[in-house]
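Pasting a predicted model and its sequence here:
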Amino acid sequence: MYGLLEDHFGDLGWWPAKTGFEVIVGAVLTQNTAWRNVETAIAGLKKNRLISPSKIIQEKQSRLSRVIRSSGYHRVKSLRLKAISEYIIRECNGDLNRMKRRHADDLRKGLLAVKGVGPETADSILLYAFKKPVFVVDAYTKRIFSRHGLVSDKVGYDDLQSFVHNNFDMKVPALNQFHAFLVETAKQFCRKNIKKCDKCPLGGL
């Protein structure tokens, strides 16, 4: 699957961000919205010089909410940005390089304790911000794998992640690319209600 998708898509260059904290912000804001809306919100944060944990903590929640309005559920997400920013300041005084040196399991446990951070968001942060070898599971992964008979469509997050971890190259660049490939495949060919198997690079499997 990886080889076929790599031949089709090439290097997708995920995650589009200049800093680790920008990845973290994107992981929080992308919940339940399209990436283009997240890009608009991040641009607003940069314009208002709010792309750091300390700045987000200091900013009034009402104004922060307005700045990220394009991301949807902006009031809730502004609170989540504050919560994860407070966690980062508390854990490492804002120095993500210090956090990066910690073991992935320890980091994941801490991230999951932050209000509003679930497994997919935590693993996105681990893989893309901290370069830890974990596979990010999402609805697209489950859809493609279940349609190819690899897992049940009822499979849980942890079991699907373990399936990939046990059967795939656990190197960060490959994990990064594979997740990106699956997302693009689902969007272009393997949609929820429309299957384009005749055009899909995985159609012959």
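That came through fine.

Which stretches in this protein count as helices?
2-9, 20-29, 35-47, 53-58, 61-67, 74-92, 96-100, 104-112, 119-124, 139-147, 157-167, 172-188 (DSSP state H).

ok, the one residue sitting closest to the centre of the chain - contacts?
In the chain, the centroid-proximal residue (CA atoms, centre = their mean) is residue 124; its distance is 3.5 Å. Applying CB atoms under 8 Å, 6 or more residues apart in numbering, we find residue 124 in contact with 15, 23, 27, 136. No exception for glycine: its C-beta is placed from N, CA and C like everyone else's.

quick one: the first one and residue 23 touch, right?
Yes. Between residue 15 and residue 23 there is a contact under CB atoms under 8 Å: 5.3 Å.

how is this structure carved up into domains?
Domain assignment of the chain by automatic domain parsing yields the ranges 2-12+135-188, 20-129.

related to what we said a few turns ago, shared neighbours of residue 15 and residue 23, anything?
Residues touching both residue 15 and residue 23 by CB under 8 Å, 6+ apart: 124, 128.

that older thread, if you compare the domains of the chain, which one is most tucked away?
Stretch with highest mean neighbour count among the domains of the chain: domain 20-129 (a mean of 18; mean count of other CB atoms under 10 Å).

For residue 15, give me the pLDDT.
pLDDT for residue 15: 84.

Could you report the neighbour count for it?
Around residue 15 there are 20 other residues, counting by other CB atoms under 10 Å.

In space, what's closest to it - neighbours in sequence excluded?
Leaving aside its chain neighbours, residue 15 sits nearest to residue 128 (4.0 Å; criterion: CB to CB, 6 or more residues apart in numbering).

Can you tell me how far that neighbour is from residue 49?
23 Å (CB to CB, to the nearest Å).

just residue 135 next, same as before
When distance is defined by CB to CB, residue 135 is 34 Å away from residue 49.

same check, this time on residue 134
Residue 134 is 32 Å from residue 49, where distance means CB to CB.

sorry, back to before: quick check: of the contacts of residue 124, which lies closest to residue 110?
For the contacts of residue 124, the closest approach to residue 110 (CB to CB) belongs to residue 27, at 14.6 Å.

contacting residues for the closest one?
Contact analysis of residue 27 by CB under 8 Å, 6+ apart lists 121, 124-125, 128-129.

And residue 55, by the same measure?
By CB under 8 Å, 6+ apart, the contact set of residue 55 is residue 49.

same question, the one 4 residues further on
The neighbours of residue 59, taking CB under 8 Å, 6+ apart as the test, are residue 50.

Out of the helices of the chain, flag the one nearest residue 200.
Judged by CB to CB, the one of those that comes nearest to residue 200 is helix 172-188, at 6.6 Å.

And that closest one, what does it pack against?
Helix 172-188 sits against helix 2-9, helix 139-147, with contacts defined as 3 or more CB pairs under 8 Å, 6 or more residues apart in numbering; DSSP states H and E.

mean confidence for the first one?
Confidence for helix 2-9, expressed as mean pLDDT, is 97.
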